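Enquirer: kindly generate the corresponding structure for this input.
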Amino acid sequence: MPFEKIDAARLSGAIIRQIETLILQGVLRPGERLPGERDLAERMNVSRPSLREALAAMQEDGLLVTRPGSGVFVADVLGSAFSPALVRLIARHPEAADDYLTFRKDLEGLAAERAATAAGETDLQVLDRILTAMRHAHAKGDPEAEAALDADFHMAIVEASHNVIALHMMRAMQDLLRQGMLFNRPRIFTSPEQRDRILDQHAAINDALQARDGMAARRALEAHLDFVAATLTAQRRADEHAAVARLRLQNRPEG
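Expert: The predicted structure follows:
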């Protein structure tokens, strides 16, 4: 009879490839919890022993981690992008923010141009929804929420470019930014005039992407990051001047 035994390792390998692909594509994010064993086995239509074998192999490979009593999670595969020593070094030198924004301008400019043609309709819907949420946060005068949505919007642009290397590079940089190591993002949104301009800039980027105009999207994004860089430079100068003024006041003779 023309039947062959099915190697259990092949099934385990298929499970691994599917989960690996979801991690690589950014669908499963670092720190995200996987469904429970029974639920996941049902979703993938595989046996629980085969699933356990696959998950164990991925844990050995460093892609998944088990937290006792909590479940299985996607490992922090971005953790090696910036070593703790480099993070501390960057934090001690505020001018590193300039290099960070320059690199992002190059990376995101290309991503925006590519996203104009590579993005699917769902990608464009995601960008639209984030911008709508940003408008609501703007109307409420909530700089923390607006700053978080700003980060989500930029991440969604890179995701829409469908380049997995750019995706993981951007995630690593966003993680550094969210930790406040480079600059205090919500502070950029404290001025009503700045908040208005930044919202308009994001709307211009989105309009170009929705129209699938790659060059316009790139120009709008680069102009936005140039504005952010100029704003940060002005803030640093103001902080330095304020510090000098305080020293002068402290050293001023009485009377």
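
Enquirer: for the rest of this, base every contact and every neighbour count on C-alpha atoms.
Expert: Will do.

Enquirer: ok, and the closest non-adjacent residue to residue 161?
Expert: residue 115 (4.0 Å; C-alpha to C-alpha, 6 or more residues apart in numbering).

Enquirer: next, name the residue at the spatial heart of this protein.
Expert: residue 171 (3.9 Å; C-alpha atoms, centre = their mean).

Enquirer: give the rounded mean pLDDT of the helix or strand harbouring that one.
Expert: Assigned by DSSP states H and E, residue 171 belongs to helix 164-178. In this model, helix 164-178 has a mean pLDDT of 79.

Enquirer: how far off centre is that helix?
Expert: 5 Å (C-alpha atoms, centre = their mean, to the nearest Å).

Enquirer: if we can go back for a sec, isn't the residue nearest to residue 161 right up against residue 166?
Expert: No - taking contacts as C-alpha atoms under 8 Å, residue 115 lies outside contact range of residue 166: 11.8 Å.

Enquirer: which neighbours do the two have in common?
Expert: With contacts defined as C-alpha atoms under 8 Å, 6 or more residues apart in numbering, the residues adjacent to both residue 115 and residue 166 are residue 158.

Enquirer: which one's more surrounded, those two?
Expert: When neighbours are counted by other C-alpha atoms under 10 Å, residue 115 comes out ahead of the other of residue 115 and residue 166, with 29 against 17.

Enquirer: for the protein, give me the ranges with low pLDDT.
Expert: By pLDDT under 70, the low-scoring segments of the chain are 1-9, 77-84, 87, 91, 175-186, 255.

Enquirer: quick one, helices of it?
Expert: 8-24, 37-44, 48-60, 84-91, 96-118, 121-140, 143-161, 164-178, 185-188, 192-210, 214-250 (DSSP state H).

Enquirer: Throw those into JSON lines and include distance to residue 68, thanks.
Expert: Output for these, formatted as JSON lines (distance: least, C-alpha to C-alpha, whole Å):
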{"stretch": "helix 8-24", "distance to residue 68": "21"}
{"stretch": "helix 37-44", "distance to residue 68": "14"}
{"stretch": "helix 48-60", "distance to residue 68": "14"}
{"stretch": "helix 84-91", "distance to residue 68": "26"}
{"stretch": "helix 96-118", "distance to residue 68": "37"}
{"stretch": "helix 121-140", "distance to residue 68": "35"}
{"stretch": "helix 143-161", "distance to residue 68": "31"}
{"stretch": "helix 164-178", "distance to residue 68": "25"}
{"stretch": "helix 185-188", "distance to residue 68": "35"}
{"stretch": "helix 192-210", "distance to residue 68": "42"}
{"stretch": "helix 214-250", "distance to residue 68": "43"}
